[in-house]
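Colleague: quick one, what's the 3D model for this:
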Amino acid sequence: MEQSNISLEGKVCLITGGARGIGAAVARAVAAQGALVAINFLHSQKEAMKLVEELQQKGHKALALQADISREEEVSRLFGELRKAWGEVELLVNNAGVALRTLVQETTVSEWDRVMNVNLKGAFLCCREALPHMIRKRYGRIVNIASIQGISGASYESVYAASKGGLIAFTKSLASEVGPSGITVNAIAPGPVATEMIFSQLDEEDIKILLDEIPSGRMMQPEEIADTCLFLLSSQAACINAQVLCLDGGWRQN
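Modeller: Numbering: from 1, shown residues only. Predicted coordinates for the structure are as follows:
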């Protein structure tokens, strides 16, 4: 959905995990409103470069930057490269994430660490790197892509849900911390979104059962998440802070 009344003209926007799925949809949405879009990726170089080419052909400014956002030194390098290219980050979308579907008693420590390091530590590292400039400028927008499971929990996904629940708590706490500096920090908690991640975890029967549980009878689309993210990044959302917006079609609402 085009939101022509929103302008992000000239603002530097970093999207972690921006090459595919929700991240790519957010990249298209913010680029269409004039933002300079930095698409972070780890392994998806081909997809990232294809997306950059797509955006540039439409006259938008975009670049792709490889970095493992779970590693402190990589995040420092990522922001350094972006500063050299365009300047400081004003809009940050912490979207990078990994899923894990397994029983707790079968989960290894390395699996736990990987999920927490990407989903939670990565957001912390990126926020920490972006905040000094935002505080000096007294302006900034941070949107963390969490999950409805971080609120409701989910069997077989305890570790993933814990990481997203932690991200939600981090969002609310950071919003209180930096709100006086003119910075907003919000989270989006999607339900099932039609992306490669969910289709890689569920078979056809699982998906049918899932759709029967959702009042709207369908999965969310990445573009719907992107539209909400775009609004939260805009000046129109200046009074929205420390909020968690659940976009799940009524799936886990009680």
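
Colleague: just the helices in the stretch 1-150 of the chain please.
Modeller: The residue ranges that make up the helices of the stretch 1-150 of the chain, judged by DSSP state H, counting those that start in this stretch, are 21-32, 45-57, 72-85, 109-116, 122-137, 149-152.

Colleague: okay, buried residues for the helix or strand that the last one is followed by please.
Modeller: Downstream of helix 149-152, the first helix or strand assigned by DSSP states H and E is helix 158-178. Across helix 158-178, burial judged by 16 or more other CB atoms under 10 Å covers 158-168, 170-172, 174-175, 178. Quick note: C-beta positions are derived from backbone N, CA and C, even for glycine.

Colleague: mind naming the longest strand for the chain?
Modeller: strand 183-190 (DSSP state E).

Colleague: ok, now which ones touch residue 244?
Modeller: 146, 151, 168, 171, 172, 186, 187, 188, 189 (CB atoms under 8 Å, 6 or more residues apart in numbering).

Colleague: below-threshold pLDDT in the stretch 151-254 of the chain: ranges please.
Modeller: For the stretch 151-254 of the chain, the stretches with pLDDT under 70 are 197-203, 253-254.

Colleague: any idea which residue of this structure is furthest from its center?
Modeller: Here the chain reaches farthest from its C-alpha mean at residue 105, the gap being 28.9 Å by CA atoms, centre = their mean.

Colleague: go through the helices of the stretch 1-150 of the chain and pick out the most buried.
Modeller: helix 21-32 (a mean of 26; mean count of other CB atoms under 10 Å).

Colleague: check which helices and strands that one sits against.
Modeller: Judged by 3 or more CB pairs under 8 Å, 6 or more residues apart in numbering; DSSP states H and E, helix 21-32 is in contact with strand 12-15, strand 36-41, helix 45-57, strand 91-94, helix 222-233.

Colleague: how about those in CSV, adding distance to residue 81?
Modeller: Putting the helices and strands packed on helix 21-32 into CSV (distance: least, CB to CB, whole Å) gives the following:
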stretch, distance to residue 81
strand 12-15, 11
strand 36-41, 9
helix 45-57, 14
strand 91-94, 15
helix 222-233, 22
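
Colleague: residue 53 and residue 47, how far apart?
Modeller: 11 Å (CB to CB, to the nearest Å).

Colleague: same deal with residue 58?
Modeller: Taking CB to CB, one finds residue 58 at 17 Å from residue 47.

Colleague: got the contact list for the most centrally placed residue in the chain?
Modeller: In the chain, the centroid-proximal residue (CA atoms, centre = their mean) is residue 95; its distance is 2.1 Å. By CB under 8 Å, 6+ apart, the residues touching residue 95 are 15, 16, 17, 18, 22, 23, 26, 145.

Colleague: and for the residue nearest to residue 33 when sequence neighbours are not counted, the neighbour number?
Modeller: Spatial nearest neighbour of residue 33, excluding adjacent residues (CB to CB, 6 or more residues apart in numbering): residue 8 at 4.4 Å. Neighbour count for residue 8, taken as other CB atoms under 10 Å: 23.

Colleague: do I have it right that residue 8 meets residue 234?
Modeller: Yes - counting by CB atoms under 8 Å, residue 8 does reach residue 234; the two are 6.8 Å apart.

Colleague: okay, and the common contacts of these two?
Modeller: Any residue near both residue 8 and residue 234 by CB under 8 Å, 6+ apart counts here, and that gives residue 33.

Colleague: distance of residue 36 from residue 212?
Modeller: From residue 36 to residue 212 the distance is 43 Å (CB to CB).

Colleague: so for these two, which sits in the more crowded spot?
Modeller: residue 36 (24 against 8).

Colleague: bridging residues for that one?
Modeller: On the basis of DSSP bridges, residue 36 is bridged to residue 12.

Colleague: list the contacts for it?
Modeller: By CB under 8 Å, 6+ apart, the neighbours of residue 36 are 10, 11, 12, 13, 61, 62, 86.

Colleague: what of residue 25?
Modeller: Listed by CB under 8 Å, 6+ apart, the contact partners of residue 25 are 221, 222, 223, 225, 226.
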